[in-house]
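>>> Give me a model of this one.
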Amino acid sequence: MFKPIHFYALMALLLGSRLISMAFVPMVDTSEPRYAEIARLMLETNNWITPWFSPDVPFWGKPPFSFWAQALSFKLLGVNEFAGRFPSWLATVMTVVLIFKLANAQFGARVAQVAVLIFSSSALVFVTLGAVITDPFFALATTWAMVAYAMAQSHPHWAWRYGFFVALALGLLTKGPLVGVLVAAPIVVNLIFSKQSRRGFMAMPWFKGFGLMLTLSLPWYVLAELKTPGFLNYFLVGEHFYRFVYPGWAGDLYGSAHRVPKGKIWGDYLASALPWSLVALFILFGKIGKGAGRARILMCLRDPGRLFLVSWAIFTPLFFTLSGNILWTYILPALPAFSILLAWALDQKLEQRVQLRWAVLCATVVVPLTASAIFGSWVLQPMTLKTEKYLVAEALAQMKPQDQLAYLGPTPFSATFYSKGRAQSVDLDSLAQHFSGQGMYLAVPKEAMDSFKEKFGTNTLLVTENYRYVLIKLTPSLK
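Numbers count the residues shown, from 1 in each chain. The predicted model follows:
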């Protein structure tokens with residue numbers, strides 16, 4: 001479809017444009033600064049076994065691989081937004097390489113080019129490409145496992161055969177046993193419907209491979225339980241059963257459960273794959289209405305390789321359909337297969353219609369251009385963001401070493417991260433006890449200013465304000 005130089009230039013534009021926003025857009029509450037602070041604490045305490053939610057609260061919600069990567073990036077590049085986000089960018093680039101490898105092996109270079117363009121320019125991928133979250137690492141693990149298994153069927157090189165198990169270990173160290181569920185389902189579907197797949201399955205080094213997987217992943221689970229007893233029960237039972245079975249699960253130790261209608265994951269699929277989900281729906285409904293189209297769909301399902309991709313693309317949303325506690329990022333592991341299938345479906349039409357090639361090119365840049373415009377507006381108008389970066393910076397610039405920085409009510413994660421743990425939380429009733437007479441810089445929620453003035457009068461000096469808070473300096477007369 002594209003000359004190599006044009007293809008690489010377009011990929012560089014897609015991936016490179018996100019690098020710029022990663023450096024300049026501040027971390028916005030809640031997820032990004034929360035995970036960044038966990039990684040920062042890991043580096044500060046030199047504790048590489050247990051991630052910590054705060055200095056006295058262990059974080060049992062996820063295994064540590066993404067935090068390891070982010071903490072190492074902080075160590076090499078400094079504690080800043082770019083360093084925290086760069087590992088996710090690298091993980092996504094590695095996922096892109098794997099997608100290209102599989103698509104090229106199954107359908108040729110033209111389909112492979114379109115597949116990685118579709119994947120890289122999908123809404124969810126472009127957002128998570130430069131975000132401090134675990135999902136890009138989990139998507140890398142599932143994609144690596146799927147690609148390694150598929151490639152091992154036709155190219156039984158040791159790197160693919162054992163890479164499958166290394167990828168499973170990476171998944172276990174990123175999000176846990178969920179990786180086994182999402183990877184096993186497409187394999188089982190192929191085993192049921194394809195004799196050829198059964199032969200390839202039997203040729204995999206299952207005994208040695210699982211030994212390798214456990215060698216790489218199990219020691220951390222043992223050490224984590226020994227270091228903070230109770231981890232395994234919370235993580236394996238709470239995070240992997242209660243979270244998905246009970247909407248609004250009250251046992252979440254680190255926030256609030258995300259209660260959503262069951263089946264919402266399919267809407268998330270449409271949103272995460274924009275604008276390409278609209279193209280896929282147009283093609284799918286067009287084929288269903290035509291005899292030749294239905295025949296091609298049946299041909300797709302009879303071919304082991306295509307059946308594997310279809311199973312891969314739809315099992316993740318099927319698995320989460322009945323869950324009432326999900327995020328749209330959960331769909332990310334399905335998007336590599338979706339991208340390859342859509343590229344294959346577009347292939348013949350792109351060869352025949354010049355106008356369609358231009359339409360695909362426009363669709364490739366719509367999300368990056370839109371997102372870049374939004375990111376740019378955030379940089380130019382930081383007061384519209386839920387971030388404490390600038391307020392904390394103003395406070396730290398004026399504070400003396402003995403001064404205190406506090407937030408009235410819960411401390412936002414971004415305040416904790418940007419103050420490197422210096423920002424504390426106080427309430428109205430205990431404020432006088434926390435204020436020891438030296439300088440205190442207090443961030444008061446705008447909606448609480450009237451209550452604050454009523455209780456403590458006007459012995460304050462306004463420093464600055466942002467979208468949510470007013471930063472004031474308290475005078476010693478408050479004591």
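>>> So, low pLDDT: which residues of the chain?
Low-confidence segments of the chain (pLDDT under 70): 1-2, 240-259, 286-301, 348-359, 432-438, 457-459, 475-479.
>>> From the recorded domain assignment, give the ranges for it.
Domain ranges of the chain: 4-379, 389-478, per automatic domain parsing.
>>> show me where the stretch 151-300 of the chain has helices.
With DSSP state H, counting those that start in this stretch as the criterion, the stretch 151-300 of the chain has helices at 158-172, 178-193, 195-202, 206-227, 231-232, 243-245, 264-272, 276-288, 291-302.
>>> Including mean neighbour count, could the domains of the chain go into TSV?
In this view, the C-beta of every residue, glycine as well, is placed from N, C-alpha and C. Below are those laid out as TSV (neighbours: other Cβ atoms under 10 Å):
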stretch	mean neighbour count
domain 4-379	18
domain 389-478	17
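>>> before we move on, back to that, want to try TSV for the helices of the stretch 151-300 of the chain, with distance to residue 420 as columns?
Formatted as TSV, the helices of the stretch 151-300 of the chain follow (distance: least, Cβ to Cβ, whole Å):
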stretch	distance to residue 420
helix 158-172	30
helix 178-193	33
helix 195-202	51
helix 206-227	24
helix 231-232	26
helix 243-245	31
helix 264-272	34
helix 276-288	41
helix 291-302	53
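>>> Looking at those, which is nearest to residue 456?
helix 243-245 (41.2 Å; Cβ to Cβ).
>>> follow-up on the earlier one: looking at the helices of the stretch 151-300 of the chain, spot the one closest to residue 333.
helix 178-193 (5.7 Å).
>>> For the closest one, name the packing helices and strands.
helix 135-154, helix 158-172, helix 195-202, helix 304-320 (3 or more Cβ pairs under 8 Å, 6 or more residues apart in numbering; DSSP states H and E).
>>> Now do that helix against helix 195-202, angle only.
140 degrees (axes from the mean of the first three to the mean of the last three Cα atoms, to 10 degrees).
>>> Residue 149 versus the residue nearest the centre of the chain, what's the distance?
By Cα atoms, centre = their mean, the chain has its centre lying nearest to residue 135, at 3.0 Å. Distance, residue 135 to residue 149, using Cβ to Cβ, to the nearest Å: 21 Å.
>>> Then residue 279?
28 Å.
>>> Residue 472 now?
In terms of Cβ to Cβ, residue 472 sits 59 Å off from residue 149.
>>> just residue 394 next, same as before
Residue 394 is 53 Å from residue 149, by Cβ to Cβ.
>>> ok, now residue 318?
Residue 318 is 19 Å from residue 149, by Cβ to Cβ.
>>> Could you do residue 27 as well?
From residue 27 across to residue 149, the span is 36 Å (Cβ to Cβ).
>>> residues making contact with stretch 168-188?
Residues outside stretch 168-188 that contact it (Cβ atoms under 8 Å, 6 or more residues apart in numbering) are 62-66, 134, 137-138, 140-142, 144-146, 149, 197, 201, 212-214, 216-217, 220, 235-236, 239-240, 308, 311-312, 315-316, 319, 333.
>>> So which residues of the stretch 301-450 of the chain form helices?
Under DSSP H, counting those that start in this stretch, the stretch 301-450 of the chain gives helices at 304-320, 335-352, 354-380, 389-398, 413-418, 431-434, 449-456.
>>> could you dump these to a markdown table with distance to residue 171?
Formatted as a markdown table, the helices of the stretch 301-450 of the chain follow (distance: least, Cβ to Cβ, whole Å):
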| stretch | distance to residue 171 |
| --- | --- |
| helix 304-320 | 13 |
| helix 335-352 | 14 |
| helix 354-380 | 27 |
| helix 389-398 | 33 |
| helix 413-418 | 26 |
| helix 431-434 | 44 |
| helix 449-456 | 47 |
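>>> can you tell which of the ones you listed is closest to residue 51?
helix 413-418 (14.0 Å).
>>> what packs against that closest one?
helix 31-45, helix 389-398.
>>> can you list those helices in a markdown table and add distance to residue 169?
Output for the helices and strands packed on helix 413-418, formatted as a markdown table (distance: least, Cβ to Cβ, whole Å):
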| stretch | distance to residue 169 |
| --- | --- |
| helix 31-45 | 20 |
| helix 389-398 | 36 |
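>>> Would you mind saying which of the helices of the stretch 151-300 of the chain lies nearest residue 17?
helix 276-288 (18.0 Å).
>>> same for that closest one, what does it pack against?
helix 264-272, helix 291-302, helix 335-352.
>>> The same query, at a cut-off of 6 Å, please.
helix 335-352 (3 or more Cβ pairs under 6 Å, 6 or more residues apart in numbering; DSSP states H and E).
>>> what sits against the residue nearest to residue 151 when sequence neighbours are not counted?
Sequence neighbours aside, residue 160 is the residue nearest to residue 151 in space, at 4.4 Å (criterion: Cβ to Cβ, 6 or more residues apart in numbering). Shown in contact with residue 160 (Cβ atoms under 6 Å, 6 or more residues apart in numbering): 148, 151-152.
>>> My guess is residue 212 contacts residue 167. True?
No: in this structure, residue 212 is not within contact of residue 167 by Cβ atoms under 6 Å, at 10.9 Å.
>>> do you know how far the spatially closest residue to residue 43 that is not a sequence neighbour is from residue 413?
Spatially, and ignoring its direct neighbours in sequence, residue 43 is nearest to residue 71 (4.3 Å; Cβ to Cβ, 6+ apart). Remark: distance between residue 71 and residue 413 (Cβ to Cβ) = 16 Å.
>>> ditto for residue 402
Going from residue 402 to residue 413 by Cβ to Cβ gives 25 Å.
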